[in-house]
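**Q** Predicted model, plus sequence, below.
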Amino acid sequence: MESIEQQVTLIADLLISRLIRFESEAWVAQPYNPVPSAEKNGFNRVGAASIGLYDGVAGMCLFLAAVYRKTQNPSY
């Protein structure tokens, strides 16, 4: 079983690998959609990430800052 630190760094690496940046440096994300039928009908959308803490840039930055603080890995 992997430790919590290993699991967190795996999530951080996955997050970073899926970020798409445009010239404006806006992070692009696929918003969380709790409605399962929307995915089946092809209503997935991709767009600029919101600034929100739950599902936006603020939350991603807070998470990556916490991972950096624990690991001291400059990738985060």
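**A** All right, it came through fine. Numbering: from 1, shown residues only.

**Q** Which parts of the protein are helices?
**A** Assigned by DSSP state H, the helices in the chain fall at 4-17, 36-40, 57-71.

**Q** looking at these, which one has the lowest mean pLDDT?
**A** The minimum mean pLDDT among the helices of the chain belongs to helix 36-40 (a mean of 55).

**Q** tell me the most buried of the helices of the chain?
**A** Ranked by mean neighbour count, the helices of the chain are led by helix 57-71 with a mean of 14 (mean count of other C-beta atoms under 10 Å). Every C-beta, even on glycine, is put in place using the N, C-alpha and C of the backbone.

**Q** ok so, going back, if we compare the helices of the chain, which one ends up closest to residue 49?
**A** When the helices of the chain are compared by C-beta to C-beta, helix 57-71 sits nearest residue 49, at 5.0 Å.

**Q** coming back round to it: would you reformat the helices of the chain as JSON lines and include distance to residue 49?
**A** Putting the helices of the chain into JSON lines (distance: least, C-beta to C-beta, whole Å) gives the following:
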{"stretch": "helix 4-17", "distance to residue 49": "11"}
{"stretch": "helix 36-40", "distance to residue 49": "19"}
{"stretch": "helix 57-71", "distance to residue 49": "5"}
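
**Q** closest one to residue 50 among those?
**A** When those are compared by C-beta to C-beta, helix 57-71 sits nearest residue 50, at 7.2 Å.
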